[in-house]
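>>> model this:
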Amino acid sequence: MNRKIFLLLILILASTIVYPVMFSAQGEEKTVLNVYANYNPPPVGHFNFFAPGHIPEQNFVLEPLTHRFSANDTYVPGIAENWTLSEDYKTLTIKIRKGVKWHDGTEFTTKDIWAMWLMIAITNPGYPFPTQIIDSITIVDNYTIVFKANKPHASFAFGILWHYDYVPYNQYKTIVDKIVARMNEGKDPFAHPEDFTDIKNEMLDFRPDTYIGTGPYKVMKVTEEAIILEKFKDYWNGEPAIDEIHILRTPSDEVLWSLLLEGKLDWYWGTPTPEQLDQLESKPFFGTVKIARWIGPMLYFNKRKYPLSLVKVRQAIAYAINRTEIAYIEWAIGGIPTKYIIGFAPDYATLYFNESFMNNYVKKFTYDYDPFKAEQLLKDLGFTKGADGIYVTSNGTKLEFELAVDGWLKPESCEAIAAMLEKVGIKLTIRTYETGVFFADDGPFKQGRYDIAVGVFGGAGFSFSEYFYKYNKLFPGHGYPEIQRIPWTFRGSNTVNVSELVEISETFPAEISEEERNFIYAILAYLTGSQVVVLPIAGRPIIIAYNKEKFTGWPSEDDPFWAGLASYMTRGRSYLVRWNVIKPLLSLAISVEPSGGGATDPAAGTHTYAHGATVTVKATAASGYNFEKWVLDGKDAGTSPTITVTMDKSHTLKAVFSRVPYELYVGIVILVVIVLVVIYYVFKKRKTPETK
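Modelled structure (predicted):
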């Protein structure tokens, strides 16, 4: 092959590689935010927002009606300009802004909201709140919609205003129209989503060509190497400051860290090893923030199986596991062992419980590592050790259990838990499942085909909806009895239904007072701790790294914005570009011609400014020179000594000076001498006395 042709092919190939600096066909530099994801490109990956396996990072393209700051539960108006929630928490009226465009140019209207919730009802009826509480949705006009609930719920507004990204009715029209046709037959997707199972399955098989959203970016292309998003110039919140977002594919940890440490990524969210953290913090272009994520692995006990049905057996297991050790096996940079297993992160418990309750109940059920106490509980039950060191119940049942895990715990952690339990006379065999199999509707977890299962617990505050509602009522496989006795009376009884208590607590403040809400929390906390309903293991430390040399405007390290990224990372991060919080740092290269002909303020050199900034530059000529003109990006830009440059891109600015001609200098000198001589003689004549 001809050498020149070969080199040309290499250059063409190299030009297709996607990395931080991009150039348009005209050679103009584009600003790019580089993030990452491990995704499958089409046809395996797809653009159906409702189906598993869809292309990730859709939050730059699709968006919710508002933005919510998780740390303080405040909302920022977005597509929804304003909304009102009735005092009984049963009516939510939303008004959306006019002129919001989908990426295909059509207008966002309340019909899109209505259609979205019909689809949510049949595909995901239980989260973030049971869609069964929705009684009706009424479209008042294109910009006003009313949701009515059949009972109050604390997450009513949250789910509608922020939890879901919205997709257009027109894209899912075939599916929505089928739902409506069945509704016309008298079926209700909110009350009885099971009547729409066939439509749900058809919907999950639907494969749109792309995402159509209202967000600041739209999908340009998806390749094996990267997802390329280009800015949507008609975005309702103003043209985005960043030209493109590149989501680089990272199929392995090795690829991710190679890109990070080479400076080819502008963002990281995760839990690195200590060595990786040191490498991150050694890079001058990264700023880092550490936050706690109170979501992590938890053990679920199948209380239908003897002897796990015995409280003291579950308590013995809780005492036998060193959660601090497991936390550090999971996350060596400082895993966070659960201090309380009652459903609260440490900082939140005192918000709801007084000192007396904390001392008498909360601290009593911390289950600090104590293998001696674990064995004592088993002996109290009359269990005896066999020749193999494993305890046997009075009816001859050995304490041998299977630990079902789908990935929420590392194999090393599972093995460590098995070793800890073996020390106290309990044998644990580990069985690994694929996630899709284990948590399927007919899978082992929901159907209760396990002894002890590893799942997830969640919530920066409390997790009672996870413990008692979501996993006990919706997925009742682990068999915790809903009817329980408590040492106090609640509404005149010592017997309570735990799922009903969760539902009542979620009506605060519409139907119950803060005092009654906290009393319910106390009951649930007591039952969680005393009964060891579940056993949370550890929370996860999260490190966020962001490129501070390429972008400006990042929130300060103590800003509550960061805490919200613990659970809703992609949703929270997209806020930074949806509201133009971060902006590219652009260069203004100032020069002087000729050298020594004058000076500028700011001085000659390369300066960086945020996108959109206006920079005023002043030129001052040196002795013997005149200011002549400015040259901005190679073109004449005016003769005034002061110029204002708008940083819509990187610019070059040159101040051009010209030397004053020599002849002009000589003429000026002669003229000055003549003037001085004349002045001298005139002055002298006035001073000389007259002679007579």
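>>> what about residue 242, how many neighbours?
23 (other Cβ atoms under 10 Å). All C-beta spots, glycine's among them, are computed from the backbone N, C-alpha and C.
>>> whoops, residue 102 was the one
By other Cβ under 10 Å, 23 other residues sit near residue 102.
>>> Show me where the stretch 251-400 of the chain dips below the pLDDT cut-off.
For the stretch 251-400 of the chain, no stretch is flagged by pLDDT under 70.
>>> all helices of it, in order?
253-261, 274-282, 311-320, 323-330, 346-352, 355-357, 371-380 (DSSP state H, counting those that start in this stretch).
>>> How is this structure partitioned into domains?
Annotated domains of the chain cover 39-218+549-580, 296-540, 583-663 [automatic domain parsing].
>>> Could you dump these into a markdown table and include distance to residue 231?
Output for the domains of the chain, formatted as a markdown table (distance: least, Cβ to Cβ, whole Å):
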| stretch | distance to residue 231 |
| --- | --- |
| domain 39-218+549-580 | 6 |
| domain 296-540 | 33 |
| domain 583-663 | 12 |
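>>> could you pull out the strands for the stretch 501-650 of the chain?
534-536, 538-547, 551-552, 583-593, 598-601, 605-610, 614-621, 625-632, 635-636, 642-646 (DSSP state E, counting those that start in this stretch).
>>> Can you lay out the helices of the stretch 251-400 of the chain as TSV showing mean neighbour count and distance to residue 486?
Shown next, in TSV, are the helices of the stretch 251-400 of the chain (neighbours: other Cβ atoms under 10 Å; distance: least, Cβ to Cβ, whole Å):
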stretch	mean neighbour count	distance to residue 486
helix 253-261	16	47
helix 274-282	14	45
helix 311-320	23	14
helix 323-330	20	26
helix 346-352	15	16
helix 355-357	12	13
helix 371-380	17	22
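>>> okay, those helices in TSV with distance to residue 85 next?
Output for the helices of the stretch 251-400 of the chain, formatted as TSV (distance: least, Cβ to Cβ, whole Å):
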stretch	distance to residue 85
helix 253-261	42
helix 274-282	42
helix 311-320	40
helix 323-330	39
helix 346-352	22
helix 355-357	31
helix 371-380	48
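>>> Would you point to the one among the strands of the stretch 501-650 of the chain that's packed deepest?
strand 534-536 (a mean of 25; mean count of other Cβ atoms under 10 Å).
>>> Now do the closest residue to residue 350 other than its chain neighbours: how many residues are near it, please.
Ranked by Cβ to Cβ, 6 or more residues apart in numbering and with sequence neighbours excluded, the top spatial neighbour of residue 350 is residue 358, at 6.8 Å. Residue 358: 16 surrounding residues under other Cβ under 10 Å.
>>> sec struct for residue 418, please.
helix (DSSP: H, G, I helix; E, B strand; the rest coil).
>>> returning to what we had before: mind checking which of the helices of the stretch 251-400 of the chain is nearest residue 559?
Residue 559 lies closest to helix 346-352 among the helices of the stretch 251-400 of the chain, at 17.2 Å (Cβ to Cβ).
>>> Just the C-alphas of the closest one, formatted as CSV.
Once non-C-alpha atoms are left out, helix 346-352 reads as follows in CSV (Å, rounded to 0.1, in the frame of the first residue of the first chain):
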residue,chain,number,x,y,z
PRO,A,346,-27.9,7.5,62.6
ASP,A,347,-28.5,11.2,61.9
TYR,A,348,-32.2,10.8,61.5
ALA,A,349,-33.3,8.7,64.5
THR,A,350,-33.1,11.6,66.9
LEU,A,351,-35.4,13.7,64.7
TYR,A,352,-38.3,11.4,65.6
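>>> now for it, which elements pack on it?
helix 514-531 (3 or more Cβ pairs under 8 Å, 6 or more residues apart in numbering; DSSP states H and E).
>>> now the helix it packs on: mean pLDDT?
Helix 514-531 carries an average pLDDT of 92.
>>> Which residue ranges of the stretch 51-200 of the chain form strands?
66-69, 74-77, 80-85, 91-96, 134-141, 144-149.
>>> so which of those strands gets nearest residue 533?
strand 144-149 (28.2 Å).
>>> Provide the strand pairings for the helix or strand residue 657 falls within, with the direction of each partner.
In this structure, residue 657 is located in strand 651-659 according to DSSP states H and E. Its sheet considered, strand 651-659 pairs with strand 583-593 (parallel), strand 625-632 (antiparallel) by DSSP bridges.
>>> out of those, nearest to residue 492?
Among the strands paired with strand 651-659, if distance is taken as Cβ to Cβ, the winner is strand 583-593, at 60.2 Å.
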